[in-house]
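[1] no letters, just coordinates:
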Ligand code: SAH
């Protein structure tokens, strides 16, 4: 099955861009996903092909028109009725690995890329659009966000990553950051790889990794740690429904 990415943008030349290389590029050549950029300007109706207008209430910049966006979204919906429609906006819900996993398990995704000051808010009432942010900073347009979302989805498509298990321990998959990694040379600039990783004792290695994943998450990402600690235990052997701190 091909995962179909439709991208509504004023800059279709930005696609596939970096997704034409490496893992995603190979996956595209193999037909595991397809990249369909759509020029939003084609849905403008006036003779200047305008997609934007000045903000109601005044202020700097321009705003993307709801009527033009709706025509573009309706076209995308006709092409792919079952794919979620995601608009890139810093006002959206922060993108998570869990959402990426959900999207990558579906038939594809339609991504609406903003520019200027963003979208006329009415588009979000009028069409089934999920608002997504890729982080608390401002980009000049939604295209980079679209590339980020697609890269994250594509690597999860069946057969794209070499060893399918290589994703399981990854940061965020377990609600924690991943443990730190090391490779040869054994000694570099006087620094050695932690002894335990050279022990060959798999149980000890797993315990060390778990402890480092927890410690690093607690120190670097107290927000994730808080959430992880409060979440009911999901492990098959764990006492389901109990908070982790309640267990002895
Ligand atoms: N005036 C807006 C920012 C507009 S930036 C505000 O302050 O909220 C122009 C476009 O870039 C946005 O419409 C959006 O599509 C994209 N963009 C900028 N930052 C983003 C982010 N953090 N996540 C997702 N999209 C972003």
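    In hand now; what should we look at? From a predicted model like this one, the values you see are computed outputs, not experimental measurements. Numbers count the residues shown, from 1 in each chain.
[2] who in the protein is up against the ligand?
    88-91, 113-115, 117-118, 133-135, 137-139, 141-142, 145 (C-beta under 6 Å from any ligand atom). Heads up, the C-betas are built off the backbone N, CA and C, glycines and all.
[3] can you select the buried ones from these in ChimeraX?
    Those of these that count as buried under 16 or more other C-beta atoms under 10 Å are selected in ChimeraX with:
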select :88,89,90,113,114,115,118,133,134,139,141,142,145
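[4] contacts made by the strand ranked longest in the chain with the rest, please.
    Longest strand in the chain by number of residues (criterion: DSSP state E): strand 85-94. Strand 85-94 has contacts (C-beta atoms under 8 Å, 6 or more residues apart in numbering) with 73, 76-77, 99, 103, 109-114, 118-119, 123-124, 127-139, 142, 145-146, 149.
[5] any idea which helix or strand comes after that strand?
    helix 97-104 (DSSP states H and E).
[6] apart from its neighbours in sequence, what residue is nearest the residue of the chain found nearest the ligand?
    When scored by C-beta to the nearest ligand atom, the chain has residue 114 as its residue closest to the ligand, at 2.1 Å. Among residues not flanking residue 114 along the chain, residue 142 sits closest, at 4.4 Å (C-beta to C-beta, 6 or more residues apart in numbering).
[7] show the contacting residues for the residue nearest the centre of the chain.
    The centre of the chain sits closest to residue 149, judged by C-alpha atoms, centre = their mean, with a distance of 3.6 Å. Going by C-beta under 8 Å, 6+ apart, residue 149 touches 86, 88, 95, 100, 103, 109, 111, 132, 134.
[8] can you redo those residues as a markdown table with pLDDT?
    Formatted as a markdown table, the contacts of residue 149 follow (pLDDT from 0 to 100):
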| residue | pLDDT |
| --- | --- |
| 86 | 99 |
| 88 | 99 |
| 95 | 98 |
| 100 | 98 |
| 103 | 98 |
| 109 | 99 |
| 111 | 99 |
| 132 | 98 |
| 134 | 98 |
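[9] contacts for the biggest helix by length in the chain next, please.
    The single longest helix within the chain, with elements called by DSSP state H, is helix 202-220. Defining contact as C-beta under 8 Å, 6+ apart, one finds that helix 202-220 is touched by 169, 174, 176-180, 194, 196-197, 199, 224-225, 228.
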